[in-house]
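K.L.:
Got a predicted structure here, sequence first:
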Amino acid sequence: MKNFKKSALFAALLALIGFSLNAQNSSAFGIKGGLNYSANGDYFESIGDNAKSPNRNIGYHVGVFGKIGDKLYFKPELVYTATKSDYESNDFKIKKIDAPLLVGLKVLGPVSVFGGPSLQYILDTEFDGINISNVADEFTVGLNFGIGLNLNKVGIDLRYERGFKDNEANFINNNLGTGMASRIDTRPDHLILSLSIAL
């Protein structure tokens, strides 16, 4: 299964390289980056406790994109993302690779709408200084949709991203002095603001 996960991300990278090598007038390849206003799922200190909901926090992302088509287009991306959620006095940090596969449509001049699945591979998770290695699924799929504005080679877009299902990580939280089994839902819930530049 892990080989399949890595193969899916490798295929997305090859697709981006292919777009850049075969670029035509209606195709583009470029770089992007921006901010994520995000939170993950609920946190449980033990099996019987009520869930603690996270506070949103600012993260960031950087990556590359490909684009083929004009009025109707396909836009795959490969992005490194770092996010942080606050659970009272505890921080939950995630580093991951995202590969959105977006279909977009120009609706009014330079304005377009888009959406599609986002493949996600979790590289690292940390809760209150504890590295968590037993996330249920390192590879997940979410939904990504939004609106964009493109002026020549510069683009700005605002999008929403949400994981399709719970993806819990279980760990022993000795930092809180309890030594109890805890669990946290790593599913993303993001507002994403991006700036892109076609090369």
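P.N.:
Thanks, I have it. Numbers count the residues shown, from 1 in each chain.
K.L.:
Note down every partner strand of the top strand by length along the chain and its orientation.
P.N.:
For the chain, the strand reaching the highest residue count under DSSP state E is reported as strand 90-108. Using DSSP bridges, the strands paired with strand 90-108 are strand 72-87 (antiparallel), strand 111-127 (antiparallel).
K.L.:
Using CSV, list the CA coordinates for the last one.
P.N.:
Translated: strand 111-127. The C-alpha trace of strand 111-127 is given here as CSV (Å, rounded to 0.1, in the frame of the first residue of the first chain):
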residue,chain,number,x,y,z
VAL,A,111,-12.0,35.1,-13.3
SER,A,112,-12.4,31.3,-13.1
VAL,A,113,-13.8,28.7,-10.8
PHE,A,114,-12.3,25.3,-10.2
GLY,A,115,-12.5,22.1,-8.1
GLY,A,116,-11.3,18.6,-7.8
PRO,A,117,-9.7,15.9,-5.6
SER,A,118,-6.5,16.6,-3.6
LEU,A,119,-4.2,13.7,-2.9
GLN,A,120,-2.4,14.1,0.4
TYR,A,121,0.7,12.4,1.8
ILE,A,122,1.6,13.1,5.4
LEU,A,123,5.3,13.5,6.0
ASP,A,124,5.4,14.4,9.7
THR,A,125,3.1,15.1,12.6
GLU,A,126,3.9,16.6,16.0
PHE,A,127,1.6,17.2,19.0
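K.L.:
got a pLDDT number for residue 102?
P.N.:
pLDDT for residue 102: 96.
K.L.:
now it, which residues is it bridged with?
P.N.:
Counting by DSSP bridges, the residues bridging with residue 102 are residue 75.
K.L.:
could I get the strands paired with strand 90-108 as CSV with distance to residue 62, mean neighbour count and mean pLDDT?
P.N.:
C-betas here are computed from N, CA, C, even on glycine. Converted to CSV, those look like this (distance: least, C-beta to C-beta, whole Å; neighbours: other C-beta atoms under 10 Å; pLDDT from 0 to 100):
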stretch, distance to residue 62, mean neighbour count, mean pLDDT
strand 72-87, 6, 19, 91
strand 111-127, 14, 18, 90
